[in-house]
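J.: what would the 3D arrangement of this be:
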Amino acid sequence: MLFLAAPAGSAEMTKCRLKYDVKGWSFIYKYTKGSGRITCSNGQSASVAITTNGGGPTLGTHEVIDGKGVFSQVRDISDLYGTYAEIDAHAGAGGAADARAMLKGNVNLSLAGVGQGINLGIALGAFHIAPQ
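T.: Below is the predicted model of the structure:
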């Protein structure tokens, strides 16, 4: 009798998206906190907590409501949790667009949203996603 098994690396990939709301401040140190929901093409979904922190020549307050993110393909939703490296250049007063791209190992995340606040600067830091 012959048994065939799929190679370990052949698990089907899934495409996932993030919808999020965040609010924060910066004065040399940058901090943002919020929440979101990840949904994947394989049916997986999860509510998540989002925090960012970092530092640099930055000052202001900001809020993004109904932001959207797109992840590179992964094997499982759990591959999306963790810390992404972030470089954030921002300038705005009142309404402003928020767009960022970040990386965690082999996983890329692109964010886009409409923001409110008054801010100016550049910050290097981390974007954290954790299950709620």
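J.: longest strand of this protein?
T.: Identified as the longest strand of the chain according to DSSP state E is strand 45-71.
J.: what distance separates that one from the centre of its chain?
T.: Put simply, strand 45-71 sits 7 Å off its chain's centre (CA atoms, centre = their mean, to the nearest Å).
J.: neighbouring strands of it in the sheet, and parallel or not?
T.: Take DSSP bridges as the rule and strand 45-71 pairs in its sheet with strand 16-40 (antiparallel), strand 107-131 (antiparallel).
J.: next, the buried residues of that strand.
T.: 46, 48, 50-56, 58, 60, 62-64, 67, 69, 71 (16 or more other CB atoms under 10 Å). Heads up, the C-betas are built off the backbone N, CA and C, glycines and all.
J.: pull the residues that contact the lowest-mean-pLDDT helix or strand in the chain.
T.: Ranked by mean pLDDT, DSSP states H and E, the weakest helix or strand in the chain is strand 82-104, scoring a mean of 82. Contacts with strand 82-104, where a contact means CB atoms under 8 Å, 6 or more residues apart in numbering, come from 30, 52, 54, 58, 60, 62, 64, 67, 107-129.
J.: then stretch 120-131?
T.: By CB under 8 Å, 6+ apart, the residues outside stretch 120-131 that reach it are 18, 26, 30, 36, 38, 46-60, 80-92, 100, 102, 109.
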